[in-house]
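Trainee: after the sequence you'll find the predicted model.
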Amino acid sequence: MKTIPNYFITALLVAGFVASTLAGDETKNKNPELTANVAEAKAAFLKQEADLQGIFDKAAGYVLFPTVAKGGLGVGAARGKGQVFDKAKVLGEATLTQVTVGFQAGGQAYSELIFFEDKTSLDNFIKGNFEFSAQVSAVAATAGASKNAKYEKGVMVFTLAKGGLMYEASVGGQKFDYEAY
């Protein structure tokens, strides 16, 4: 019976460890392009409204959608993909979907940032027990806007138009799907 040399076994163990480590890193960040876009959008929000840093620091978590594309002609739809954070730790990805009916024409793209006031609000989002009703309003990220912003039912929403400001944003009827990393 042939024996396998120790150096061969050691090499296999090391290779297995390296492969599992690399695979582990990949599962923590399944979408590096989305991660880069989220970081860029966060920087844009902070550039527009530096006082948001205090809200980032105090919030239990947040979800940031770097691009939400919205368009319609009579019937409208919006969709975006973002990342969910517990403080500074990324937990997974979220997808935003919105359908609207009424007088509308055109399209726009914007970033959306949702802060969670407490762990319960964040957990409700993660568990899928979360959607915006028509009463929730978004605050346009402008200089000084965060000073007057308040949590409503455990969430606070900011929007930032791509290439400009969106002074009014409807977030009613938005639904979210969450996928953990």
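Mentor: Received it, and whenever you're ready, just let me know what you need.
Trainee: domain ranges for this structure?
Mentor: Here the domain parsing of the chain from automatic domain parsing is 1-29, 31-180.
Trainee: mean pLDDT lowest for which of the ones you listed?
Mentor: The minimum mean pLDDT among the domains of the chain belongs to domain 1-29 (a mean of 43).
Trainee: where does residue 74 fall, secondary structure wise?
Mentor: Applying DSSP states H and E as the criterion places residue 74 in strand 61-86.
Trainee: for the helix or strand just after that strand, packing partners?
Mentor: Heading C-terminal from strand 61-86, the first helix or strand you meet, by DSSP H and E, is strand 89-116. In terms of contacts (3 or more CB pairs under 8 Å, 6 or more residues apart in numbering; DSSP states H and E), strand 89-116 is packed against helix 32-48, helix 52-58, strand 61-86, helix 119-127, strand 155-161, strand 175-180. In short, each C-beta sits where N, CA and C put it, glycine included.
Trainee: ok, residues contacting the second one?
Mentor: Just to be clear, that refers to helix 52-58. 45, 46, 62, 113, 115, 141, 146, 149, 156, 158 (CB atoms under 8 Å, 6 or more residues apart in numbering).
Trainee: do you know how far the fifth one is from residue 106?
Mentor: Between residue 115 and residue 106 the computed distance is 28 Å (CB to CB, to the nearest Å).
Trainee: higher neighbour count, those two?
Mentor: residue 115 (24 against 9; other CB atoms under 10 Å).
Trainee: does that one touch residue 152 like I think?
Mentor: No: counting by CB atoms under 8 Å, residue 115 sits too far from residue 152 to count as a contact (10.9 Å).
Trainee: report the set of residues contacting both of the two.
Mentor: In contact with both residue 115 and residue 152: no residue, using CB under 8 Å, 6+ apart.
Trainee: what bridges to residue 101?
Mentor: residue 75 (DSSP bridges).
Trainee: now do the contacts for it.
Mentor: Residue 101 neighbours (CB under 8 Å, 6+ apart): 74, 75, 76.
Trainee: how much space between the first one and residue 86?
Mentor: I take that to be residue 74. From residue 74 over to residue 86 (counting by CB to CB), the distance is 40 Å.
Trainee: and if you look at the second one?
Mentor: Counting by CB to CB, the separation of residue 75 from residue 86 is 36 Å.
Trainee: looking at these two, which has the bigger crowd around it?
Mentor: residue 86 (16 against 11).
Trainee: residue 111 against residue 70, yeah?
Mentor: No: if you go by CB under 8 Å, residue 111 and residue 70 don't touch, sitting 11.8 Å apart.
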